[in-house]
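Asker: The following block contains a protein sequence and its predicted model.
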Amino acid sequence: MTILDTLTRPRPAAGARPPRPIPWLALVAAAYALAQLVLVVPHLGLGWDETVYLSQVDPRNPAAYFSAPRSRGISFLAAPVLAVTGSTTALRIVLALLSAAALYGAYRIWQPLTGPRRTALAALLFAGLWTTLLYGPQDMPNLWVALSAVAAVGCLLRAVRSWARRRYLFGLGAMVATATCFRFSDGVWLALPLLAACALVPARRRAAPALAVAAGLAAGSAQWVMEAYVRWGGIGARLHASSATEGGMGTHWAGGLAWRSLNGPLLCRPCTVGLSHPELTLWWLALPVLALIACAVALRTGRHRAVTLLPVACAAALSIPYLLLIDYSAPRFLLPAYALLALPLATLAARALRAVRPPRARGPVAAAAVVLLALHLSAQVAVLDHNAADARATAGKYRTAAHDLRRLGLTPPCVVSGKLAPPVGYYAGCASANVGGNNRNTSAHALLHRAARVPAAALTRARSGPPHYARHWKKHRLPGTGLTAYTPR
């Protein structure tokens, strides 16, 4: 019996105890946690963005510059762990277990809507992606937005048809608030199709879910909005600053960039890489086609329309900023879309299996499908291994550079400037500063004044010259990092 097999079991004989159903979804969540703990947690250091998020709540390090597009939800998630320990391994383990529990909780809401096996298959399709595995134990917001979106859509569908309506209305608002808190822009894009769906609900049931979505959006964005007024002077000013940080939000077709960066690099900016292993990207090209087929089948048969169409609509909405509005890409950006599209794809696979005639042929077809799924998951693990190695090497360079800076006399309180200042400064226990670029948070004059009072270093690429404010500083090569440090004489 496989999770693809949707044939009904024969009824037990009178008086016999029915067999206990296999907890497929729990097994998928446990496998997801185990895969993270074995394949990712032992080998992964802290990345550039992680050090920015963690520094906001880490009592051991100064806070790095927090740019306009960011939201603080993921920092809040890590705060309890950092309050107890600064161990990266401990943080990774906690986040791996939490993400597995969140995977189970988000998809568990869907079991009455799609059935236990289809729900488990959907969770497996999402959890088996290398991006889902790599970012499960990382302090990054995209995976948490994805699981919040899955739970929010499920709560909306169950709120309009369930007797336990208040519980799911509360869950709907809470999940929209959670997604918005993790990433403000994603919360807005998620709320739009949910509010549109509320307009299609019968009038006597329409207001409550719409209010839940609106309340969740307001609650989740409250901190972001308050910070917009405190630091930028208003919402419009922060949105303008966000657009500038992202390189200018506008009409950009980034679908080709997303395809080319699908198997890495982890951040493709500027995205000039060639397509890596195109045979391993076929699933991505098939994804929108299969989603459209699932929608067509639902519309033609009239069954499970909302269960199919709403996840696809929300996935499309959450993909808009990353496919149409920016000119760079990263594999993690589309995690919310993958999480939602896994649900109609699992339903489509089950329907395709049931359509096989004669019925006795379903066994071989299901076996072939399982083999195909196993090959797909194996390919994802191979890509995971490659990208985890790259992430490990990058974090290793940050640690090495921080160690070399400490040997040069940089001890807290200290300041590191340059493009890689946030991660290197975090590892060194120093504040970070930039006098230019998207993360500019100081001026050259202020930086020089600060460098006269505390130990300071300016980081550049090995073949680059010193920054203009450090022309007369002493040069130090940092072997094995590709960086050069300049310190005041």
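Answerer: Right, received. Where do you want to start?

Asker: which residue ranges form the helices in the stretch 251-400 of the chain?
Answerer: Using DSSP state H, counting those that start in this stretch, the helices assigned to the stretch 251-400 of the chain run over residues 255-260, 282-301, 305-324, 335-354, 362-407.

Asker: For the shortest one, buried residues please.
Answerer: Looking back up the chat, that one is helix 255-260. 257, 258, 260 (16 or more other Cβ atoms under 10 Å). (Each C-beta comes from the backbone N, C-alpha and C, glycine too.)

Asker: do the fourth one as well
Answerer: The neighbour-count check on helix 335-354 (16+ other Cβ under 10 Å) flags 335-351, 353 as buried.

Asker: Equivalent analysis for the second one, please.
Answerer: Applying a neighbour-count criterion of 16+ other Cβ under 10 Å, one finds 284, 287, 288, 291, 294, 295, 297, 298 buried in helix 282-301.

Asker: and the gap between residue 403 and residue 278?
Answerer: 40 Å (Cβ to Cβ, to the nearest Å).

Asker: swap in residue 262?
Answerer: In terms of Cβ to Cβ, residue 262 sits 9 Å off from residue 278.

Asker: Those two: which is more packed in?
Answerer: Neighbours were tallied for residue 262 and for residue 278 using other Cβ atoms under 10 Å; the higher tally belongs to residue 262 (23 against 13).

Asker: ok, now which ones touch that one?
Answerer: Residues near residue 262 by Cβ atoms under 8 Å, 6 or more residues apart in numbering: 276, 281, 284, 331.

Asker: so which of these comes closest to residue 127?
Answerer: Nearest to residue 127, judged by Cβ to Cβ, of those is residue 331 at 15.3 Å.

Asker: What is the burial count for that closest one?
Answerer: Residue 331 - counted by other Cβ under 10 Å - has 25 other residues nearby.

Asker: Go ahead and confirm it touches residue 261.
Answerer: Yes - counting by Cβ atoms under 8 Å, residue 261 is a contact partner of residue 331 at 6.0 Å.

Asker: follow-up on the earlier one: Throw the helices of the stretch 251-400 of the chain into a markdown table and include distance to residue 66, thanks.
Answerer: Listed next are the helices of the stretch 251-400 of the chain as a markdown table, based on distance: least, Cβ to Cβ, whole Å:
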| stretch | distance to residue 66 |
| --- | --- |
| helix 255-260 | 26 |
| helix 282-301 | 32 |
| helix 305-324 | 20 |
| helix 335-354 | 22 |
| helix 362-407 | 19 |
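
Asker: Any idea which of these gets closest to residue 109?
Answerer: That would be helix 335-354 among the helices of the stretch 251-400 of the chain, by Cβ to Cβ, at 10.7 Å.

Asker: by contact count, what packs against that closest one?
Answerer: helix 111-114, helix 116-127, helix 130-135, helix 142-159, helix 282-301, helix 305-324, helix 362-407 (3 or more Cβ pairs under 8 Å, 6 or more residues apart in numbering; DSSP states H and E).

Asker: most tightly surrounded among those?
Answerer: Among these, ranked by average contacts under mean count of other Cβ atoms under 10 Å, first place goes to helix 142-159 (a mean of 27).

Asker: okay, the angle between that helix and helix 305-324?
Answerer: 150 degrees (axes from the mean of the first three to the mean of the last three Cα atoms, to 10 degrees).

Asker: which is the next helix or strand following helix 142-159?
Answerer: Along the chain past helix 142-159, the next helix or strand (assigned with DSSP states H and E) turns out to be helix 165-182.

Asker: between that following helix and helix 335-354, how many degrees?
Answerer: 130 degrees.

Asker: give me the number of residues near residue 230?
Answerer: For residue 230, using other Cβ under 10 Å, the count is 8.

Asker: again but with residue 461, I slipped
Answerer: 13.

Asker: and if you look at the one 5 residues further on?
Answerer: A count of nearby residues for residue 466, using other Cβ under 10 Å, gives 16.

Asker: I'd assumed residue 460 was in contact with it.
Answerer: Yes - with contact defined as Cβ under 8 Å, residue 466 reaches residue 460; the gap is 6.5 Å.

Asker: Report the set of residues contacting both of the two.
Answerer: 484, 486.

Asker: so how far is residue 396 from the residue nearest the centre of the chain?
Answerer: Nearest to the mean C-alpha position of the chain, by Cα atoms, centre = their mean, lies residue 142 at 1.9 Å. For residue 142, the distance to residue 396 equals 24 Å [Cβ to Cβ].

Asker: Equivalent analysis for residue 425, please.
Answerer: 16 Å.

Asker: Repeat that for residue 99.
Answerer: Noted for residue 99: a distance of 24 Å to residue 396, by Cβ to Cβ.

Asker: returning to that earlier point: wait, which of the helices and strands packed on helix 335-354 is closest to residue 440?
Answerer: Closest to residue 440 of the helices and strands packed on helix 335-354 is helix 362-407 (Cβ to Cβ; 20.9 Å).
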